[in-house]
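Participant: Predicted model and sequence below, questions to follow.
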Amino acid sequence: MFPETLCPGSPCLAQFSSDNQWYRAQVNRRVDDAFTVLFIDFGNESDVDIKNVRSLPQGLLEKAPQAFLCSLKGFDESKGSWNDDVYDDFYNLLIDKHLNLTVFNMEEHSEAAVPQYVVEIECEGAIINAAMKKYWKPFAKGRLSMERSEGKTFVQHTQTVSNSPITHPKVCKETVNKNRFKKPNLSYNTKEEVYASCIVQPHYFWCQYTNTEELNEVSRLAQEAGQTQEDVMFPETLCPGSPCLAQFSSDKQWYRAQVNRRVDDAFTVLFIDYGNESDVDMKNVRSLPQGLLEKAPQAFLCSLKGFDESKGSWNEDVYDDFYNLLVDKRLNLTVFNMEEHSEAALPQYVVELECEGGSVVNKLMEKHWKGLITDHTSE
């Protein structure tokens, strides 16, 4: 045995209790005298007693896994959720069938520390992605605008529902890596006083520092740069992930932004100092001066700690309740972890929030969370 050298992500051999056979595995976590492991050639998880875990020979480590983690293309979990009927239907469509699979993208799964492939699946002539659309419900989307009030920046929220399928932006990784915004200056396990600047849902919301001195300076420099380049465009050099200056249609001011995607003669951009998205005509997009690229974003993307989207979902009452708890309030925020958001090409911070009166928002949201029923599958 070699349990003391194991940590989450470690490869190992583990004995599966149902057949007492040994299989390649990866440690997910340790619970008392057992490990929860992922059997990487099959995909199922199991709790394995510490005495039934062994080191993995180098020869087995060098062989690629014989199973791979997938996610259906066309459904962005930050922008919608499945209804309860989807699970049995999806299972019955796939189980024991010959499937044709097409891979469109690869992302690193934040929880499992393994690659996850974004796929389209064809089963007996039918496209599974299309068949699943009837079970998908987009979140009520906040129509967002930047407003200034006593030195603070908030967003307006009105309920609208889109019936269109979600499209995933494809990030030009080489462009983003060479020419991207710095990460916000956040410390782990330290309380920061913030406002929520853009509230979508508990797994996707943006916060700003209460001290707006640097935000005001960045806004001033962005406005000056946008006006200086008034007649200069560079749309052909932009792709998803590119930093830019963009003019917000509601107030005609220039702000730092990041391109999400291009649609005809417009770009959908993310205003990185606020968190809201907007469609901007390409004539209202400019290059970003290097000095503004080097300043960290004044808003940062967050997700509530304690809720794993692969293991549960929110009920429909959560969105209004979460919004009303956060909007226009001073909040104490503590960062526990940072993950790269696969769609936005930005860091996302796993946080605990404390609101007025000392109430912990994470605790208040537990009543809206529904854990998935675990399917105990054997090999």
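Facilitator: Perfect, thanks for sending it.

Participant: Please, where are all the strands along the stretch 251-379 of the chain?
Facilitator: 253-263, 266-271, 277-281, 285-286, 299-304, 312-314, 331-341, 346-354, 369-371 (DSSP state E, counting those that start in this stretch).

Participant: In stretch 26-43, which residues are buried?
Facilitator: Using 16 or more other Cβ atoms under 10 Å as the test for burial, stretch 26-43 gives 26-28, 34-35, 37-40, 42-43. Bear in mind the C-beta positions are built from the backbone N, C-alpha and C, glycine included.

Participant: Out of the residues you listed, the closest to residue 109 would be?
Facilitator: residue 38 (10.5 Å; Cβ to Cβ).

Participant: Leaving out sequence neighbours, find the closest residue to that closest one.
Facilitator: Excluding its sequence neighbours, the residue lying closest to residue 38 (Cβ to Cβ, 6 or more residues apart in numbering) is residue 26, at 4.8 Å.

Participant: and the one you found, what does it touch?
Facilitator: 9-12, 37-38, 40, 112-114 (Cβ atoms under 8 Å, 6 or more residues apart in numbering).

Participant: ok, now residue 326?
Facilitator: With Cβ under 8 Å, 6+ apart, residue 326 has these contacts: 196, 199, 205, 353, 355, 361.

Participant: Let's see the pLDDT reported for it.
Facilitator: For residue 326, the model assigns a pLDDT of 93.

Participant: Over to residue 107?
Facilitator: 80.

Participant: Tell me if I'm right that it and residue 115 touch.
Facilitator: Yes. Contact status for residue 107 versus residue 115: in contact at 7.2 Å, counting by Cβ atoms under 8 Å.

Participant: Lowest pLDDT pick from the contacts of residue 326?
Facilitator: residue 355 (88).

Participant: what about stretch 361-371, distance to the chain center?
Facilitator: Relative to its parent chain, stretch 361-371 has a centroid offset of 19 Å by Cα atoms, centre = their mean, to the nearest Å.

Participant: Tell me which of residue 107 and residue 115 has more neighbours.
Facilitator: residue 107 (17 against 12; other Cβ atoms under 10 Å).

Participant: closest to residue 370 among the buried residues of stretch 26-43?
Facilitator: residue 28 (21.8 Å).

Participant: and that closest one, that one's in a strand?
Facilitator: Yes. Counting by DSSP: H, G, I helix; E, B strand; the rest coil, residue 28 is located in a strand.

Participant: show me the contacts for it.
Facilitator: Contacts of residue 28 (Cβ under 8 Å, 6+ apart): 8, 35-38, 45, 112.

Participant: sorry, back to before: of the strands of the stretch 251-379 of the chain, which approaches residue 57 most closely?
Facilitator: In this view, those are compared for proximity to residue 57 by Cβ to Cβ, and strand 331-341 is the closest at 31.6 Å.

Participant: who touches the closest one?
Facilitator: 78, 108, 110, 183, 186-196, 207, 301-303, 305, 346-355, 361.

Participant: Compute the number of surrounding residues for residue 47.
Facilitator: The burial count for residue 47: 14, using other Cβ under 10 Å.

Participant: so how far is residue 37 from it?
Facilitator: 8 Å (Cβ to Cβ, to the nearest Å).

Participant: re earlier: now, of the contacts of strand 331-341, which are buried?
Facilitator: Using 16+ other Cβ under 10 Å, the buried ones in these are 78, 110, 186, 192, 194-196, 207, 301-303, 305, 346-355, 361.

Participant: Would you check that residue 278 makes contact with residue 248?
Facilitator: Yes. In this structure, residue 278 is within contact of residue 248 by Cβ under 8 Å, at 6.3 Å.

Participant: Neighbour count: those two, which is higher?
Facilitator: residue 278 (23 against 19).

Participant: Tell me who's in contact with the more buried one.
Facilitator: Contacts of residue 278 (Cβ under 8 Å, 6+ apart): 144, 246, 248-249, 268-269, 271.

Participant: From residue 9, how far out is it?
Facilitator: Taking Cβ to Cβ, one finds residue 278 at 38 Å from residue 9.

Participant: ranges for the helices of the protein?
Facilitator: 58-61, 86-94, 128-132, 173-178, 213-228, 290-293, 318-326, 361-365 (DSSP state H).

Participant: what is the mean pLDDT for the first one?
Facilitator: Summarised as a single mean, pLDDT over helix 58-61 is 87.

Participant: CA atoms only: put it into PDB for me.
Facilitator: Extracted C-alpha coordinates of helix 58-61, given in PDB (Å, rounded to 0.1, in the frame of the first residue of the first chain):
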ATOM      1  CA  GLN A  58       4.800   2.900 -15.300                       C
ATOM      2  CA  GLY A  59       3.800   0.800 -18.300                       C
ATOM      3  CA  LEU A  60       0.100   1.100 -17.400                       C
ATOM      4  CA  LEU A  61       0.500   4.800 -16.700                       C
END
